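In: Sequence plus the predicted model coming up.
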Amino acid sequence: MRWALVKVSLAVTAMVVVAFAVPLGLVVKEMARDRAFSNAERRAAGLAPVLAITTEREELDRAVATTEDGAAGRMAVHVPAADEPGGKALEIGTRRAAEDDLRITRELGRATITEVPGGSVLLQPTALGSGQVAVVELFVPEGEVSNGVATAWLVLAGVGIALIVGSVAVADRLGVRMVQPAQRLAGAAHDLGEGRLGARVPEEGPPELKSAAIAFNSMADQVVQLLANERELAADLSHRLRTPLTVLRLNAASLGSGPAAEQTRHAVEQLEREVDTIIRTAREAKPQTQATGPGAGCDASEVVRERMDFWSALAEDEGRKVRVAGVDRPVRIPVARPELVAALDALLGNVFRHTPEGTAFSVDVHNGDDAVIVLVSDAGSGIADPAAALTRGNNGHRDGSTGLGLDIVRRMAESTGGDVRIGHSVLGGTEVRIWIGLDGRGAGDSGGRRGHRTARRRRGGGTGSRRADAS
């Protein structure tokens with residue numbers, strides 16, 4: 001492509017140079033000829049006053065000799081014979097023109113030019129006092145006619161060559177500017193097709209190729225995001241299997257002894273290990289959990305009531321006391337329903353998985369002006385290092401757990417500008433606080449802190465009742 005552009009530029013520029021240089025060279029030649037004969041006509045007219053006064057040979061010889069052309073032997077004067085008897089024609093200087101040319105000039109009454117060996121002659125007619133017409137002949141050498149033409153042609157040739165070389169150089173640079181981005185784009189597309197998902201293209205070059213590079217990079221980012229979301233979806237779906245697996249494990253523990261019971265417990269354990277493997281393998285990307293658009297999101301109160309109805313049956317079997325507060329009226333949050341369900345199931349599943357039977361727990365929903373806080377508390381032994389617990393999702397080490405449960409909760413909260421914190425609950429165990437932003441601002445800004453303080457103030461009235469339930 002680069003060399004094709006150079007060839008096209010070379011051909012076009014050469015045609016343009018020829019189209020302009022050849023006519024211009026001919027014009028220069030014609031101008032030089034016109035200049036030479038205009039000067040000759042002016043010099044020949046200088047003898048007209050002398051001829052108007054006298055036609056004597058001596059006077060004319062003296063006048064011709066005083067001119068530059070006459071001294072150089074390039075001027076001649078032809079005076080016709082007088083009409084009176086015995087009149088003779090007078091000819092001064094060296095004649096080069098033919099007799100017929102002189103006669104034609106007298107008859108026409110205007111200057112004529114005729115070719116002679118070594119150049120041209122200008123024949124200038126001049127009227128005499130006697131009514132006859134004398135002819136002044138001025139020889140113009142060929143060198144004077146073409147004076148400066150060769151230099152002008154050389155200049156034109158040099159300019160033409162410079163234009164051609166310059167156009168080729170410019171075309172080459174333009175070709176490089178166009179070809180290199182195209183080659184990089186093709187190489188990146190090949191790399192992406194080979195599975196190297198980090199391939200990107202510098203967004204530079206001509207506007208069209210720059211637009212193509214931007215589109216390619218956007219497409220590559222979308223491909224990476226889609227693959228990451230698919231892996232994350234696989235991890236989330238696998239983690240949601242934890243809820244029924246927890247129920248199966250607890251039910252299997254109550255089967256007693258015997259081969260069938262042992263096989264069931266072994267199968268449940270193997271299934272849990274397989275689910276953990278899938279989660280560890282797939283958890284690489286962060287899904288988009290924040291709901292957008294009119295009417296998006298869900299009613300947190302409704303989702304909490306629904307999930308607590310599900311977990312209450314299992315809690316009753318294990319003798320756990322359960323309390324739910326703040327779900328008596330709708331609480332809209334900008335989170336998709338499946339994401340909130342997954343987050344609650346992850347936290348409640350952890351309560352059943354990591355606390356002994358009979359341990360009480362509670363779920364509180366606090367609705368502030370610009371935030372909603374969901375508290376999941378238990379009366380277990382607590383978490384020794386809450387900060388480390390929040391980072392376990394990044395290294396996959398938590399007493400055999402994948403740590404994705406808190407990761408799901410954290411991503412759900414952060415998608416709204418909120419966060420997740422772990423502390424000690426009034427029940428004596430762990431308290432997980434999910435801060436869900438309602439206005440899209442980050443958890444660290446002033447609005448987030450106001451929502452946090454509002455929820456804390458509203459929570460103060462329920463402490464005593466929760467202590468009573470836990471006792």
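Out: Thanks, I have it.
In: Isn't R353 up against L250?
Out: No - if you go by CB atoms under 8 Å, R353 and L250 don't touch, sitting 9.6 Å apart. To be clear about C-beta, it is placed using only N, CA and C from the backbone, and glycine gets the same treatment.
In: what do these two both touch?
Out: When CB atoms under 8 Å, 6 or more residues apart in numbering defines a contact, no residue borders R353 and L250 alike.
In: Now tell me what touches stretch 147-160 from outside.
Out: Counting by CB under 8 Å, 6+ apart, residues outside stretch 147-160 touching it are 17-18, 21, 24-25, 28-29, 32, 36.
In: how about low-confidence regions in the stretch 201-350 of the chain?
Out: 232-240, 242-243, 270, 273-296 (pLDDT under 70).
In: where do the strands sit along it?
Out: 298-299, 322-325, 332-333 (DSSP state E, counting those that start in this stretch).
In: tell me what the first one is packed against?
Out: So that's strand 298-299. strand 332-333 (3 or more CB pairs under 8 Å, 6 or more residues apart in numbering; DSSP states H and E).
In: just how off-centre is the strand it packs on within its chain?
Out: 40 Å (CA atoms, centre = their mean, to the nearest Å).
In: what does it rub up against?
Out: Contacts of strand 332-333 (CB under 8 Å, 6+ apart): 297-300, 340, 372, 416, 436, 438.
In: one more time with 6 Å, if that's ok
Out: 297, 300, 372, 436 (CB atoms under 6 Å, 6 or more residues apart in numbering).
In: What backbone torsions are found at the nearest residue to K88 once chain neighbours are set aside?
Out: Distances taken as CB to CB, 6 or more residues apart in numbering put A81 closest to K88, at 5.4 Å, once the chain neighbours are dropped. Note on A81: its backbone torsions stand at phi -70, psi 150 [degrees, to the nearest 10].
In: what's the distance between A81 and E99?
Out: Distance, A81 to E99, using CB to CB, to the nearest Å: 13 Å.
In: how about the strands in the stretch 1-150 of the chain?
Out: Using DSSP E, counting those that start in this stretch, strands in the stretch 1-150 of the chain cover 75-79, 90-92, 112-116, 119-127, 133-141.
In: Look up how far V363 lies from V304.
Out: 6 Å.
In: Distance from stretch 250-267 to the middle of the chain?
Out: Centre to centre, stretch against its chain (CA atoms, centre = their mean), the figure for stretch 250-267 is 63 Å.
In: Go through it and flag the buried ones.
Out: 250, 252, 264-265 (16 or more other CB atoms under 10 Å).
In: same thing with stretch 178-192?
Out: Quick answer for stretch 178-192 (16+ other CB under 10 Å): 178-179, 181-182, 184-185, 188, 191-192.
In: same question, stretch 205-219
Out: Using 16+ other CB under 10 Å as the test for burial, stretch 205-219 gives 205, 209, 212-213, 216-217.
In: Comparing the strands of the stretch 1-150 of the chain, which yields the minimum mean pLDDT?
Out: Mean pLDDT is lowest for strand 90-92 among those, at a mean of 84.
In: Can you give the strand pairings for that one, parallel or anti for each?
Out: According to DSSP bridges, strand 90-92 forms sheet pairs with strand 75-79 (antiparallel).
In: sorry, back to before: quick check: PyMOL command selecting the buried ones in the contacts of stretch 147-160.
Out: Buried members of those, defined by 16+ other CB under 10 Å, are picked up in PyMOL with:
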select buried, resi 17+21+25+28+29+32+36
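In: Tabulate the contacts of stretch 147-160 (CSV), appending distance to I422.
Out: Formatted as CSV, these follow (distance: CB to CB, whole Å):
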residue, distance to I422
V17, 81
V18, 84
A21, 85
L24, 88
G25, 91
V28, 93
K29, 97
A32, 99
A36, 105
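In: Can you name the residues that contact G205?
Out: P181 are the contacts of G205 under CB under 6 Å, 6+ apart.
In: how much space between it and R177?
Out: Taken as CB to CB, the span from G205 to R177 is 6 Å.
In: which among the contacts of stretch 147-160 gets closest to E318?
Out: V17 (96.1 Å; CB to CB).
In: and the closest residue to that closest one other than its chain neighbours, what helix or strand is that in?
Out: Leaving out its chain neighbours, the residue that sits closest to V17 by CB to CB, 6+ apart is G160, at 3.9 Å. Under the criterion of DSSP states H and E, G160 resides in helix 149-193.
In: Quick check: mean pLDDT of that helix?
Out: On average, helix 149-193 scores 81.
In: Single out the most deeply packed of the strands of the stretch 201-350 of the chain.
Out: strand 332-333 (a mean of 21; mean count of other CB atoms under 10 Å).
In: Show me what that strand pairs with in its sheet, parallel or antiparallel.
Out: Strand pairing (DSSP bridges) places strand 332-333 next to strand 298-299 (antiparallel).
In: burial count for L47?
Out: Residues within reach of L47, counting by other CB atoms under 10 Å, total 23.
In: need the contact list for it.
Out: Neighbours of L47 in contact, by CB under 6 Å, 6+ apart: V136.
In: Test for you: state the pLDDT assigned to it.
Out: On the pLDDT scale, L47 gets 82.
In: And G444, by the same measure?
Out: Value listed for G444 in the pLDDT field: 39.
In: what do you get for the one 4 residues further on?
Out: As summarised for this prediction, G448 has a pLDDT of 42.
In: ok, now G87?
Out: pLDDT at G87 comes out at 61.
In: Tell me the secondary structure at V432.
Out: strand (DSSP: H, G, I helix; E, B strand; the rest coil).
In: leaving aside the residues next to it on the chain, what's closest to it?
Out: V376 (4.7 Å).
In: Also L60?
Out: For L60, the closest residue by CB to CB, 6+ apart turns out to be I92, at 5.1 Å.
In: what sits against that neighbour?
Out: Contacts for I92 (CB under 6 Å, 6+ apart) come out as 60-61, 64, 77.
In: Of those, grab the buried ones for PyMOL.
Out: Only the buried entries of these go into this PyMOL selection, using 16+ other CB under 10 Å:
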select buried, resi 60+64+77
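In: Using JSON lines, lay out the contacts of I92 together with distance to D221.
Out: JSON lines is the format used below for the contacts of I92 (distance: CB to CB, whole Å):
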{"residue": "L60", "distance to D221": "100"}
{"residue": "D61", "distance to D221": "101"}
{"residue": "V64", "distance to D221": "95"}
{"residue": "V77", "distance to D221": "96"}
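In: List just the nearest of the contacts of I92 to K321.
Out: Once CB to CB is applied, the member of these that ends up nearest K321 is V64, at 142.5 Å.
In: Identify the residues contacting the closest one.
Out: Per CB under 6 Å, 6+ apart, neighbours of V64: 70, 75, 92-93.
In: Please report how far it lies from E41.
Out: V64 sits at a distance of 17 Å from E41 (criterion: CB to CB).
In: Check Q124 too.
Out: 6 Å.
In: neighbour-wise, which of those two wins?
Out: Q124 (24 against 16).
In: still on that earlier bit, closest one to S381 among the strands of the stretch 1-150 of the chain?
Out: strand 133-141 (122.5 Å).
In: Among the contacts of I92, which pair sits farthest apart?
Out: D61 and V77 (9.1 Å).
In: Which one (most neighbours) among the contacts of strand 332-333?
Out: Busiest of the contacts of strand 332-333 [other CB under 10 Å] is I436, holding 30 neighbours.
In: Not counting its own residues, what contacts the helix or strand containing that residue?
Out: Under the criterion of DSSP H and E, I436 resides in strand 430-437. The contact list for strand 430-437 (CB under 6 Å, 6+ apart) reads 333, 347, 371-378, 382-383, 413, 416-423, 425, 443.
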